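S.K.: just the structure for this:
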Amino acid sequence: MKDDEFRPKLGKIGSRGSKAGKRYAGQVRAAVNRAGGQPQPGGRFTGSRTGRGGAAAALLKSRDRYAAFRQRRVIVKARIVKLAGKGADGARAHLRYLQRDGVTREGAPGELYGADSDRVDGKAFIDRADGDRHQFRFIVAAEDGIEYEDLKALTRRLMAQMQEDLGTKLDWVAVDHFNTGHPHSHIIVRGRDDRGENLVIAREYISSGIRERAAELVSLDLGPRTDREIELRLRREMEQERFTSIDRRLLSMRDDDGLVSPGGPDAIRQTLHQGRLRKLERMGLAAEVGAGSWRLDDELEATLRRTGERGDIIKTIHRELAGKGLARSAADWVIHDRAGEPVQSLVGRVVARGLADEINDRHYMIVDAVDGKSHWIDIGRGEAMETMPNGCIVRVAPRNTEPRRVDRTIAEIAAANGGRYDVDIHLKHDPSATESFARTHVRRLEAIRRATGGVEREPNGTWLIAPDHLDRVANYEGQRARAEPVVVDKLSSMALERQVSFNGATWLDRELVADRPEPLHGSGFGCDVREAQARRREWLIAQGLAHEEQDRIVYRANMLSILRQRELNRVAGQLSEELGLPYAEARSGGRVEGTLRRSVELASGKYAVVEKSREFTLVPWRPVLERHVGKEVSGVVSGEGISWTVGRQRSGPGVS
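M.R.: Modelled structure (predicted):
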């Protein structure tokens, strides 16, 4: 055969062919497996040591287990966060939350520090990470962390050791938290090495190597654990209602039939195992099936972990309520986590907000509700929700996972037009629709495409809508509900006590004149609201905004408008002095133009400050305006709100 000739070898359609057709990484794994390399579970190559730190992790894992048992225990939680898309905004929000008030021993805000400085600019760190593919987040908590007056030195030594293990300089910041029973450090590491390449850390080093290194350092500082300390800790574990090291040992002792026989020459260990098994038996997680043989529940680990989390939640509720002087019995606590009672719509005041899962940035909120109970609620990702100060009044409702009306409209139009949708098709299908209305449907499709890829868009802008579009939408909403399980609406940023005599339209006023006011329980926050409403009625009567008539209170028809205008005029006067500009009231049907300066919080809601060269005005705020502060905006005031346009143009896509 000549060099320029070839004979195609036909195969089955879809076949990847011979070894030459495999991906190179797959060929490497296959070769390593055949050579018997990488002594891992099952003798197979899993890639857990691929990346920096793999050799160090292997060395640490092969050390004498008895020596490791005497080391001080350190818990390390790790997460790799992608920064593409909204990940960068999430990174900023996470950094802000780590520096919140009340995390130091003195109750002050947390301060970022680094390798060489006790104060680091978080914004500069985020700016340096612009363009990074990912970042690493670690939480390091030593079991004996309470013995340290300051965790900075320990964190710096750990990061120096990690740099040596990984063979690269690391760009990192950290903040120490002392607001729980276990002091811990949050460490954020950029996903770049010292050459600017993506930093890839071996999975085994993340899962065990960092923990071993931290335990070494703590043991050097405090000395190894004595036999007495080890025995006391294990005895405490016997009665704990959480997953313990004894449980892990019992699971590893199961034979081929799934039975555990806690015998052996070590009398202390035998006593510990027997005691723990009796405790698990009382919890319904173990059963004695013969003389000295036990069968463990298949869901033992998962159940104990959930039980431990529930215990932590109860401690948090008790601590937060006691700290606010709100005495509640355990019967008046309701827990709404992923395994607990689902949230129904409720109204109450925010008692506290915090991190339920610090590494995954899942937050909780404790709400003292008008039903007389205190609710611990998993609210999901922290960056997904605006700041809710303690004492503000909120409504919490479960996120609706059903397809919306806009989704059904898209599916209906696409079904009538060969599975296609765009603005022109919409307007042709429904001549009464406006272009701006049709564009809201396009934005909905864009959101679904970015999140799940559940819809496709052709180069000409036409959307391909599958017959099962509504099922795909339900899947998209289900994913959102897992990340953000509830919707929290701020009804008032003002604490209840301040509303009693406030000269403005308050949440109390809206409840007093509502057709269907919130039902109030006779205890807890419900009782507090009843008392506040009674005092507010007296204030309104004194102001001439209400009067008694035949044993009932009659309110002026325009009471809310009068109170809202009073506060608006008062705040406008203060801003006028501050800005040196006169205030121009926005009229219904009029046009608002100028520079969006900032927002101001009023009892009746949030307002936007729009400044022109010779005057300024106040108009109702919309969350979409947050990213347009400092820009030129224009809009038309209507009874339903304002349709905003960003920029100097008078037409184009709006942001309402």
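S.K.: after the worst-scoring helix or strand of the chain on mean pLDDT, next one along is what?
M.R.: Taking mean pLDDT, DSSP states H and E as the measure, the helices and strands of the chain show their lowest mean at helix 65-70, namely a mean of 53. Scanning forward in sequence from helix 65-70 by DSSP states H and E, the next helix or strand is strand 74-82.
S.K.: off-centre distance for the next helix or strand after that next one?
M.R.: Sequence-wise, the next helix or strand beyond strand 74-82 is helix 87-98, with elements assigned using DSSP H and E. Relative to its parent chain, helix 87-98 has a centroid offset of 10 Å by Cα atoms, centre = their mean, to the nearest Å.
S.K.: what helices or strands is helix 87-98 leaning on?
M.R.: Using 3 or more Cβ pairs under 8 Å, 6 or more residues apart in numbering; DSSP states H and E as the contact criterion, the secondary-structure elements in contact with helix 87-98 are strand 74-82, helix 122-128, strand 172-177, strand 184-190. Heads up, the C-betas are built off the backbone N, CA and C, glycines and all.
S.K.: and the longest one, what's its mean pLDDT?
M.R.: If I follow you right, that is strand 74-82. Averaged over strand 74-82, pLDDT sits at 89.
S.K.: picking that back up, got CSV for the helices and strands packed on helix 87-98, with mean neighbour count and distance to R535 too?
M.R.: Below are the helices and strands packed on helix 87-98 laid out as CSV (neighbours: other Cβ atoms under 10 Å; distance: least, Cβ to Cβ, whole Å):
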stretch, mean neighbour count, distance to R535
strand 74-82, 18, 48
helix 122-128, 14, 44
strand 172-177, 24, 40
strand 184-190, 23, 44
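S.K.: run through the residues that contact Q565.
M.R.: The neighbours of Q565, taking Cβ atoms under 8 Å, 6 or more residues apart in numbering as the test, come to nothing; the list is empty.
S.K.: okay, the helices and strands packed on helix 87-98 in TSV with distance to H134 next?
M.R.: Below are these laid out as TSV (distance: least, Cβ to Cβ, whole Å):
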stretch	distance to H134
strand 74-82	5
helix 122-128	14
strand 172-177	14
strand 184-190	9
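S.K.: closest one to W539 among these?
M.R.: Shortest distance between W539 and the helices and strands packed on helix 87-98, using Cβ to Cβ, is found for strand 172-177: 42.6 Å.
S.K.: what residues go with each domain of this protein?
M.R.: Following automatic domain parsing, one finds the domains of the chain at 1-46, 54-222, 227-298, 303-384, 405-483, 561-646.
S.K.: report the distance from the last one to the chain centre.
M.R.: Just to be clear, that refers to domain 561-646. Domain 561-646 has its C-alpha centroid displaced from the chain centroid by 32 Å (Cα atoms, centre = their mean).
S.K.: repeat that for the longest one.
M.R.: With Cα atoms, centre = their mean as the basis, domain 54-222 stands 19 Å off its chain's centre.
S.K.: tell me which residues touch the residue positioned nearest the centre of the chain, please.
M.R.: To find the centre residue of the chain, average its C-alpha atoms and take the closest one (Cα atoms, centre = their mean): that gives R381, at 1.8 Å. Taking Cβ under 8 Å, 6+ apart, we find R381 in contact with G90, D361, R362, H363, A483, E484.
S.K.: what about burial for those residues, which qualify?
M.R.: When the contacts of R381 are checked for burial by 16 or more other Cβ atoms under 10 Å, the buried set is G90, D361, R362, H363, E484.
S.K.: the residues you listed in helices, which ones?
M.R.: Helix and strand membership here follows DSSP state H; of these, those in helices are G90.
S.K.: adding pLDDT and distance to G54, write the buried ones among the contacts of R381 out as a markdown table.
M.R.: Shown next, in a markdown table, are these (pLDDT from 0 to 100; distance: Cβ to Cβ, whole Å):
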| residue | pLDDT | distance to G54 |
| --- | --- | --- |
| G90 | 75 | 29 |
| D361 | 73 | 28 |
| R362 | 83 | 30 |
| H363 | 86 | 34 |
| E484 | 86 | 37 |
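S.K.: comparing the domains of the chain, which gets the lowest mean pLDDT score?
M.R.: Per-segment mean pLDDT for the domains of the chain reaches its minimum on domain 1-46, at a mean of 54.
S.K.: now the helices for the stretch 451-600 of the chain?
M.R.: Along the stretch 451-600 of the chain, counting by DSSP state H, counting those that start in this stretch, helices occupy 469-483, 496-499, 507-513, 524-542, 559-579.
S.K.: just to revisit the earlier point, Serialize the domains of the chain to TSV and add fields for distance to A534.
M.R.: Rendered in TSV, the data for the domains of the chain read as follows (distance: least, Cβ to Cβ, whole Å):
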stretch	distance to A534
domain 1-46	68
domain 54-222	34
domain 227-298	45
domain 303-384	15
domain 405-483	39
domain 561-646	18
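S.K.: nearest to R395, of those?
M.R.: Counting by Cβ to Cβ, R395 lies closest to domain 303-384 out of the domains of the chain; the figure is 5.0 Å.
S.K.: which helix in this structure runs the most residues?
M.R.: For the chain, the helix reaching the highest residue count under DSSP H is reported as helix 300-323.
S.K.: show me what that one is packed up against.
M.R.: Here helix 300-323 is seen to pack against helix 245-252, strand 333-336, strand 346-357, strand 362-369, strand 374-381 when contacts are counted using 3+ Cβ pairs under 8 Å, 6+ apart.
S.K.: and of those, who's closest to G53?
M.R.: Closest approach to G53 among the helices and strands packed on helix 300-323 is made by helix 245-252 (24.1 Å; Cβ to Cβ).
S.K.: list the buried residues of the closest one.
M.R.: Of the residues in helix 245-252, those buried under the neighbour-count criterion (16+ other Cβ under 10 Å) are I246, D247, R249, L250.
S.K.: just the closest of those to H177, please.
M.R.: For those, the closest approach to H177 (Cβ to Cβ) belongs to D247, at 27.5 Å.
S.K.: my guess is that closest one contacts L277. True?
M.R.: No. Counting by Cβ atoms under 8 Å, D247 does not reach L277; the two are 9.9 Å apart.
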